[in-house]
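Novice: need a structure here:
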Amino acid sequence: MRKEIIMLRISIAVSVLSLVFIVCPAPAQTNDICILAGAYAPSLSVSNQPAPISVSAGASVQVGYAHRLRLMRSASLDLDVPLTIATHHDEVIGWDMSVSSRTKVFFTPGIRYRLNPQTGISPFVVLGGGFGSFGNAQGHAGSSISLRVERVVSPVLGFGGGADFRITQLLSLRGEVRDFVSRTGLGGTEGRHHPVFVVGFGFHFN
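Specialist: Predicted coordinates:
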């Protein structure tokens, strides 16, 4: 319980800090929208056990909006508002059949610090706080059929980094890695970490 309270306070502090930067005047105001996606390569395993066939696959999608707050000599400080959805699906087929599907939704507004925003390659780091929605559905068919569906909403701390590779003044290729930290045991995972790897495009405008 104490760790959850600490995580909630950190998430609120990051969100408040973002709002403080919004109301402060900025010398230049530019925006960008990103559409990113990633996938886990499907895996198939076959054995002589009672459950001989196992299939696993996953995917993630992220959309985001960023607004420049401060432009410095070789860096910029931006408001970062991402929405990330990650799914993972497992099937085990044998004498019995079991299916597990996990869906995670993260909303973690925060701050992005970008180096060389005016150049062709621009790396950045991000830090944010907000909430995650963790869904877990499990089904089993054998001598009997059972289905269990649950969803939990919990505070989440998000951080990561990536880079923009400018194609034109208005379009960039973007790669990004984020890790969302929650309390343990959410979304069908035993740990606290929920990493996401995505690539896609960024659209830049004033």
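Novice: Give me the residues contacting stretch 143-156.
Specialist: For stretch 143-156, contacts defined as CB atoms under 8 Å, 6 or more residues apart in numbering pick out 4, 7-8, 11, 96, 106, 108, 129-140, 180-183, 186. Every residue, glycine included, has its C-beta placed from N, CA and C.
Novice: Of these, which belong to strands?
Specialist: Applying DSSP state E to these, the entries found in strands are 106, 129-140, 180-181.
Novice: which residues are contacting stretch 58-70?
Specialist: With contact meaning CB under 8 Å, 6+ apart, stretch 58-70 is reached by 21-22, 24, 26-40, 76-89, 112, 117, 176, 178, 196-198, 200.
Novice: let's see 6 Å
Specialist: 21, 26, 29-40, 76-88, 112, 196, 198 (CB atoms under 6 Å, 6 or more residues apart in numbering).
Novice: Which strands border the host helix or strand of Val153, and is each parallel or antiparallel?
Specialist: For Val153, the element it lies in under DSSP states H and E is strand 145-166. Strand pairing for strand 145-166, using DSSP bridges, gives strand 121-141 (antiparallel), strand 171-181 (antiparallel).
Novice: Mean pLDDT and distance to Val156 for those - can I get that in TSV?
Specialist: TSV is the format used below for the strands paired with strand 145-166 (pLDDT from 0 to 100; distance: least, CB to CB, whole Å):
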stretch	mean pLDDT	distance to Val156
strand 121-141	93	4
strand 171-181	96	5
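Novice: With mean neighbour count and distance to Asp164 added, can I get those in CSV?
Specialist: As requested, those are exported to CSV (neighbours: other CB atoms under 10 Å; distance: least, CB to CB, whole Å):
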stretch, mean neighbour count, distance to Asp164
strand 121-141, 18, 5
strand 171-181, 18, 4
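Novice: mind checking which of the ones you listed is nearest Ser100?
Specialist: Nearest to Ser100, of all the strands paired with strand 145-166, is strand 121-141, at 5.0 Å by CB to CB.
Novice: measure Gln118 to Arg68 for me?
Specialist: 11 Å (CB to CB, to the nearest Å).
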